[in-house]
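*Asks:* Whatever this is, show me its structure:
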Amino acid sequence: MKTAPALALAFAAPIALAGCAINSGDVHNASPVAAPAADPADIVAIDAALDDVYAVISGPAGQERDFERMRTLFTPDARLSAITPRGLNGMTVDGYIEQSGPFLVSSGFTERQLARRIEIYGDLAHAWSSYEGTFSRPDGSPGSVRGINSFQLMRQDDGRWLVQSIFWQAESPDNPLPADMAGN
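*Replies:* Numbering: from 1, shown residues only. Model prediction:
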C-alpha cells in the first residue's frame with residue numbers, strides 16, 4: 001500500500017506536468033504584449049536616485065564626499081564595476097569608496113549626466129545614463145572622461161528605488177558615445 005506522501009506525489013506529478021503542457025507555448029510565436037507605461041512617480045524617483053549618486057561623488061578638489069550618504073543610495077550587496085582597458089574592475093560600495101574616494105577628493109572630480117533612458121518592470125529598473133566627468137590631473141592640467149553608466153535599481157518595500165549595481169565603460173576613440181546619448 002502506498003503511503004500518504006507517495007500518494008500525494010503520485011497525484012501532484014500529473015497535475016504539475018499538465019500545467020506545464022498547458023502553459024508551455026512556443027515563446028517565439030507568442031503575440032507581443034505591450035508593457036504598461038511606467039508610473040511617472042517612479043521615473044521621478046529613479047531620476048532623483050541617479051542625480052543623488054552623481055552628486056555624492058562630485059565636488060571640487062579638497063572637498064570630502066558624503067560617503068555615508070552614498071551608502072544609503074545602494075542596496076547592502078550592491079556592486080560597482082567598470083570595463084577598463086585592463087579588463088573588468090568590480091567592487092562593493094565600500095571597495096569603491098576605498099579605491100576611488102581619495103582620487104575624487106584630490107582631483108576635484110565632478111560627474112554630470114548627458115542623457116538618460118529608463119525602463120521599469122515591476123520592482124526592477126534599468127537606467128542607461130551617459131556621463132561626462134571633469135577632474136584635475138596630478139600636474140594640474142584639466143582632464144575629462146565620458147562614457148555610459150548602466151544602473152540597475154530595485155524598488156524597496158518602502159517605495160524607494162536603490163541602486164543594486166552600476167556597470168560602466170568610458171568612451172574611447174574606437175568606442176564613441178551613441179549620438180542619442182552624447183548630450184547637447
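
*Asks:* Contacts for stretch 94-107, please.
*Replies:* For stretch 94-107, contacts defined as CB atoms under 8 Å, 6 or more residues apart in numbering pick out 57, 59, 61-65, 67, 70-71, 80, 91, 109, 135-137, 143. For the C-beta atoms, the positions are set from N, CA and C on the backbone; glycine is no exception.

*Asks:* Which ones among these map onto helices?
*Replies:* Here DSSP state H is the test, and the contacts of stretch 94-107 give 57, 67, 70-71 as lying in helices.

*Asks:* Just the buried residues of the residues you listed.
*Replies:* 57, 67, 70 (16 or more other CB atoms under 10 Å).

*Asks:* which residues sit in contact with the last one?
*Replies:* Contacts for Met70 (CB under 8 Å, 6+ apart) come out as 53, 56-57, 93, 97.

*Asks:* For the residues you listed, give me TSV that also has pLDDT and distance to Asp180.
*Replies:* As requested, those are arranged in TSV below (pLDDT from 0 to 100; distance: CB to CB, whole Å):
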residue	pLDDT	distance to Asp180
Val53	98	22
Val56	98	27
Ile57	97	25
Val93	98	30
Ile97	98	32
